[in-house]
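K.L.:
Need the 3D shape of this:
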Amino acid sequence: LPADAPAAEASLGVGVGVGADEVEASPMPTADHELTGRWQGLPVANQGALGFDKWPEANAWGRLTESWNTDSAKVVSRAQTLCDYETKAKLPGCSALQGALLMNSTTSFRRHIEFELHAEIHPAIGGAWRCSMPGGESLSLTQLESDYPLAAGLVENLALNLNLFWRGMFNSSLNTAYPILCPRDGQCMDADPTSLDPELQAGTSPEDCICTCPRLDAKLANTTTTDEEYDVVYHALDESMFFILAAYKSQGTRISNYLEEDAASGRWYWLDNSGAPLDEDANKAVTILIGKLIFHPGHVAPFNGPLPGPNDPIFWPMHANSEHVWHYKRALATQNEWGSDLWDESWDVLDEDDDWYQRMGCWGYPYDAKLPFTSLFGEGDGMGEGFDAASEPGQARRLAEGEGGQSLLKGAVEELSAKKHHDRIRDELIELAAGGRSGYTNRELHQKFHPWNPTLPFMYETFSWEHCGEMGG
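P.N.:
Numbering: from 1, shown residues only. All right, here's what the predicted structure looks like:
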């Protein structure tokens with residue numbers, strides 16, 4: 001796809017990262033969101049993948065995806081819309097790439113890549129569907145924007161970040177007031193036409209395999225007016241910390257541009273495209289729809305989630321491109337005439353935002369966090385040994401470590417416990433993947449992937465982005 005192409009075009013299932021002569025002419029996803037053309041029928045991973053009988057997180061159908069994503073699809077899928085809303089966002093192009101090249105530290109580079117090149121690509125390309133209440137009420141973002149055009153910017157940003165809010169509200173150890181309950185792994189069954197049991201033949205209906213928020217659903221069932229419905233939903237969002245998450249802790253989403261707290265009443269309200277408060281009717285309608293959506297996750301494409309994302313072929317060129325730029329910046333770093341580094345390798349963890357991410361269930365951020373990867377460099381064959389990024393230009397550890405090489409982060413990491421089941425997920429996955437041995441930490445991978453590591457088993461052929469030059473970049 002050309003740089004800055006409409007994001008909706010990327011969900012069509014075109015062959016990404018192949019020659020132009022190999023790309024089918026605008027193949028469309030099918031009615032059930034399966035890709036057509038080159039990538040049709042690519043399977044998604046299930047329990048039992050890689051010989052593991054019990055992966056620590058899967059949805060109710062046994063697919064290796066988040067528990068809240070109750071999609072039963074067995075193959076890679078995408079949608080052109082997010083809860084029937086077609087985003088107007090453009091794919092990041094050369095301007096975003098050039099912005100990354102201007103960064104001079106791991107901290108600033110990571111933030112730029114995450115917020116300008118990465119975060120919104122996943123939902124924009126992957127899409128989301130089956131956005132509805134347990135009784136079947138459709139939760140349409142397109143209808144909301146049509147009814148309240150001044151809320152268009154808010155709707156756009158909400159659509160592009162629904163997956164983050166769904167993940168955050170489901171995983172959050174802070175949301176104890178309105179927990180989202182989803183069927184457990186193995187509770188929903190695929191149809192088995194060979195079975196003699198009628199129930200097994202039919203399998204579980206997708207309508208019966210959904211997430212709910214029992215406390216909110218019960219309260220909504222007793223409302224009879226819009227005002228009552230608004231009060232119920234507002235208090236659910238407030239007590240579950242959603243407004244705090246959206247206003248202060250949603251880096252890169254820009255949804256905070258559309259939310260403000262009234263100093264006098266302490267009540268949150270939504271803003272229009274110009275930054276002015278929405279009128280009362282619009283504010284209530286937006287709050288009600290957002291609340292219903294947040295507590296009732298829809299289905300998302302594999303590409304729209306961190307666990308199943310690698311099943312989609314577009315995952316690989318997109319992430320490799322980010323690493324390509326990262327290698328260029330690290331390889332370019334040398335000592336200048338004043339003796340200071342041109343690239344700061346220090347890791348921007350642990351601060352209060354990372355504390356928040358831990359509490360929201362994101363356990364892999366700290367520099368010394370254990371990750372479920374081992375033997376990437378053939379350590380058993382003597383590869384990947386003997387290299388320390390701290391001895392090379394652009395050293396990584398002098399700010400991250402204290403006296404004697406002891407990590408200053410260790411005590412803080414131990415004090416920050418994510419939700420208990422995420423600790424279990426992490427520990428079990430490491431044990432399964434490593435056969436009882438510890439996996440790499442971010443620190444170790446940061447060093448091993450340094451472009452001047454002589455045992456790095458790959459290298460980039462070129463650091464030229466000719467298409468940007470052709471566009472005048």
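
K.L.:
In the stretch 151-300 of the chain, what residue spans correspond to strands?
P.N.:
Secondary structure of the stretch 151-300 of the chain by DSSP state E, counting those that start in this stretch: the strands cover 259-261, 268-270, 299-300.

K.L.:
Could you identify which of these is most buried?
P.N.:
Among the strands of the stretch 151-300 of the chain, ranked by average contacts under mean count of other Cβ atoms under 10 Å, first place goes to strand 299-300 (a mean of 26). Where you see a C-beta, it was placed from the backbone N, CA and C, and this is true even at glycine.

K.L.:
just checking, what packs against that strand?
P.N.:
Strand 299-300 sits against strand 128-129, with contacts defined as 3 or more Cβ pairs under 8 Å, 6 or more residues apart in numbering; DSSP states H and E.

K.L.:
centre of the chain versus the strand it packs on, how much separation?
P.N.:
Average the C-alpha atoms of strand 128-129, do the same for its chain, and the two points are 15 Å apart (Cα atoms, centre = their mean, to the nearest Å).

K.L.:
same deal with stretch 275-288?
P.N.:
Chain-centre distance of stretch 275-288: 28 Å, with Cα atoms, centre = their mean.

K.L.:
again, but for stretch 265-277
P.N.:
Counting by Cα atoms, centre = their mean, stretch 265-277 comes out at 27 Å from the chain centroid.

K.L.:
Kindly check the end-to-end length of that stretch for me.
P.N.:
Across stretch 265-277, the terminal residues are separated by 15 Å (Cα to Cα, to the nearest Å).

K.L.:
and residue 99, how many residues sit next to it?
P.N.:
16 (other Cβ atoms under 10 Å).

K.L.:
do the same with residue 462
P.N.:
Number of residues near residue 462 (other Cβ under 10 Å) recorded here: 8.

K.L.:
now do the one 5 residues further on
P.N.:
For residue 467, the tally of surrounding residues (other Cβ under 10 Å) stands at 13.

K.L.:
Repeat that for residue 346.
P.N.:
Residue 346 has 16 neighbouring residues, counting by other Cβ under 10 Å.

K.L.:
what's the distance between it and residue 367?
P.N.:
Distance of residue 346 to residue 367, computed by Cβ to Cβ, to the nearest Å: 9 Å.

K.L.:
can you check residue 83 too?
P.N.:
Separation of residue 83 from residue 367 (Cβ to Cβ): 37 Å.

K.L.:
do residue 439 as well
P.N.:
Distance from residue 439 to residue 367, by Cβ to Cβ: 14 Å.

K.L.:
Give me the helix or strand of the chain that scores worst on average pLDDT.
P.N.:
helix 410-415 (a mean of 29; mean pLDDT, DSSP states H and E).

K.L.:
Nearest residue to residue 58 in space, ignoring adjacent ones along the chain?
P.N.:
Of all residues not flanking residue 58 in the chain, residue 185 sits nearest, at 4.6 Å (Cβ to Cβ, 6 or more residues apart in numbering).

K.L.:
The closest residue to residue 104 other than its chain neighbours - how many residues pack around it?
P.N.:
Distances taken as Cβ to Cβ, 6+ apart place residue 343 nearest to residue 104, at 6.1 Å, with adjacent residues excluded. Per other Cβ under 10 Å, the neighbour tally for residue 343 reads 18.

K.L.:
same question, residue 167
P.N.:
Counted by other Cβ under 10 Å, the residues lying close to residue 167 total 21.

K.L.:
now residue 296
P.N.:
23.

K.L.:
you'd agree it is up against residue 136?
P.N.:
No: using Cβ atoms under 8 Å, residue 296 makes no contact with residue 136, being 11.4 Å away.

K.L.:
gap between residue 82 and residue 313?
P.N.:
21 Å.

K.L.:
Who has more neighbours out of the two?
P.N.:
The residue with more neighbours, out of residue 82 and residue 313, is residue 82; 31 against 19, by other Cβ under 10 Å.

K.L.:
Report the separation between the more buried one and residue 70.
P.N.:
17 Å.

K.L.:
hang on, the earlier thing: angles on the backbone of the residue nearest to residue 58, please.
P.N.:
Backbone torsions of residue 185, given as degrees, to the nearest 10, read phi -50, psi 130.

K.L.:
residues touching it, list them.
P.N.:
Counting by Cβ atoms under 8 Å, 6 or more residues apart in numbering, residue 185 touches 47, 57, 58, 59, 60, 62, 67.

K.L.:
Could you measure from the residue nearest to residue 104 over to residue 312?
P.N.:
As judged by Cβ to Cβ, residue 343 and residue 312 stand 32 Å apart.

K.L.:
Repeat that for residue 139.
P.N.:
Applying Cβ to Cβ, the value for residue 139 to residue 312 is 25 Å.

K.L.:
So which of these two has more stuff around it?
P.N.:
Neighbour totals were compared for residue 139 and residue 312, and residue 312 leads with 24 against 21 (other Cβ under 10 Å).

K.L.:
Now do the SS call for the closest residue to that one other than its chain neighbours.
P.N.:
Spatial nearest neighbour of residue 312, excluding adjacent residues (Cβ to Cβ, 6+ apart): residue 303 at 4.0 Å. The three-state label given to residue 303 by DSSP: H, G, I helix; E, B strand; the rest coil is helix.

K.L.:
what's the burial count for residue 303?
P.N.:
Neighbours of residue 303 (other Cβ under 10 Å): 26.

K.L.:
who touches it in this structure?
P.N.:
Counting by Cβ under 8 Å, 6+ apart, residue 303 has contacts 76, 78, 122, 125, 126, 309, 311, 312, 314, 315.

K.L.:
residue ranges with poor pLDDT in this protein?
P.N.:
Applying pLDDT under 70 to the chain flags the ranges 1-32, 52-54, 56, 173, 249-253, 334-341, 348-364, 372, 379-438, 471-473.

K.L.:
Which elements pack onto the longest helix along the chain?
P.N.:
When the chain is parsed with DSSP state H, its longest helix is helix 315-332. Packing contacts for helix 315-332, counted by 3+ Cβ pairs under 8 Å, 6+ apart, involve helix 94-101.

K.L.:
So which bits of the helix or strand following the helix it packs on are buried?
P.N.:
As assigned by DSSP states H and E, the chain's next helix or strand after helix 94-101 is helix 106-112. For helix 106-112, burial by neighbour count (16 or more other Cβ atoms under 10 Å) applies to 106, 109, 110, 112.

K.L.:
give me every residue that touches the last one.
P.N.:
Residue 112 makes contact with 96, 99, 100, 103, according to Cβ under 8 Å, 6+ apart.

K.L.:
Over to the second one?
P.N.:
By Cβ under 8 Å, 6+ apart, residue 109 lies in contact with 100, 103, 326, 329.

K.L.:
Correct me if wrong: the second one contacts residue 332.
P.N.:
No: in this structure residue 103 lies outside contact range of residue 332 using Cβ under 8 Å: 11.8 Å.

K.L.:
out of the two, which sits in the more crowded spot?
P.N.:
Legend: neighbour count by other Cβ under 10 Å for residue 103 and residue 332, higher for residue 103 (19 against 14).

K.L.:
The more buried one: what's its closest spatial neighbour, skipping adjacent residues?
P.N.:
In space, and not counting its chain neighbours, residue 103 is closest to residue 109: 4.1 Å by Cβ to Cβ, 6+ apart.

K.L.:
ok, that neighbour to residue 448 distance?
P.N.:
Note on residue 109: its distance to residue 448, by Cβ to Cβ, is 18 Å.
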